[in-house]
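*Asks:* Provided below are the primary sequence and the corresponding predicted coordinates.
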Amino acid sequence: MLEATATLAKSELVYRELRGHILSGRYVAGYRLVLNQIARELGVSSVPVREAIRRLEAEKLVTFTRNVGAEVSSIDLGDYSNAMQTLAIMEGAATALAAPHLSEEELGVASEANDEMAKLAHAVPFDSAAFTKLNAQFHRVLWAACPNDHLNHMIDQEWGRVAAIRRTQFVFTTERALTSVAEHAEMLRLIRNGAPLEDIERVARNHKMRTLRDVVDARAPH
């Protein structure tokens, strides 16, 4: 029993380590995940490494190919579209459910993040990486107060998938950044004013869908 518990704990630690490397860009698309090598580096057996890789494969962050092994997945625009559509629905609902539970302090944190994003949006050169990081922080404050832990877990997983795609294929443009800041401000206004939850959900959902449309339009042949 103790051994199983220890294995589970090690598997979680390995999972977080590998997932962090993928999302940060340290492990790029196509990077091979060699079980024995990772086990040596992390000082564990191959068992927790194998379990961690299976979890990452389920999240589509890792692809396993026979006679090749496990590799960091290459994700295309279609995957991004699916992830964003899913996230728009789930996060829109979670943001609405979270609204009555958000404290003034939490709203202040989100507002400060959006203010920093506004400064970045007007800066030259535009720092897309810093803007993207603040964007994730802003949204997490708003949806993490949702009392539905199951929904929150699914959103967290989907954010990871989107982050992996953005790491290699997506950057905010200055134009989208300015629009995004304005949409964030509208979301905060609705929440502070106690707007109907369906209005908050609609605005949060449409915000994600507009981002998706802008990305698709930017990559469409002209």
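*Replies:* Looks like it arrived, so ask away. All of these numbers come straight from a predicted model, not from anything done at the bench.

*Asks:* Where does the prediction get shaky in this structure?
*Replies:* 1-8, 25, 75-76, 164-171, 218-222 (pLDDT under 70).

*Asks:* Apply 80 and report the result again.
*Replies:* 1-8, 23-26, 28-29, 60, 74-79, 129, 161-173, 215-222 (pLDDT under 80).

*Asks:* What are the boundaries of the strands in it?
*Replies:* 32-33, 62-65, 69-72 (DSSP state E).

*Asks:* Give me whichever of those strands is most buried.
*Replies:* strand 69-72 (a mean of 18; mean count of other CB atoms under 10 Å). For every residue, glycine as well, the C-beta is placed using N, CA and C.

*Asks:* Mind giving me the packing neighbours of it?
*Replies:* For strand 69-72, the elements it packs on are strand 32-33, strand 62-65, judged by 3 or more CB pairs under 8 Å, 6 or more residues apart in numbering; DSSP states H and E.

*Asks:* Okay, now the sheet partners of the first one, with direction.
*Replies:* For strand 32-33, the paired strands and their directions (DSSP bridges) read strand 69-72 (antiparallel).

*Asks:* Could you give the separation of the strand it pairs with from the chain centroid?
*Replies:* What separates the centre of strand 69-72 from the centre of its chain is 21 Å, taken as CA atoms, centre = their mean, to the nearest Å.

*Asks:* Other residues contacting it?
*Replies:* Contacts to strand 69-72, defined as CB atoms under 8 Å, 6 or more residues apart in numbering, come from residues 22, 27-35, 53, 57, 61-65.
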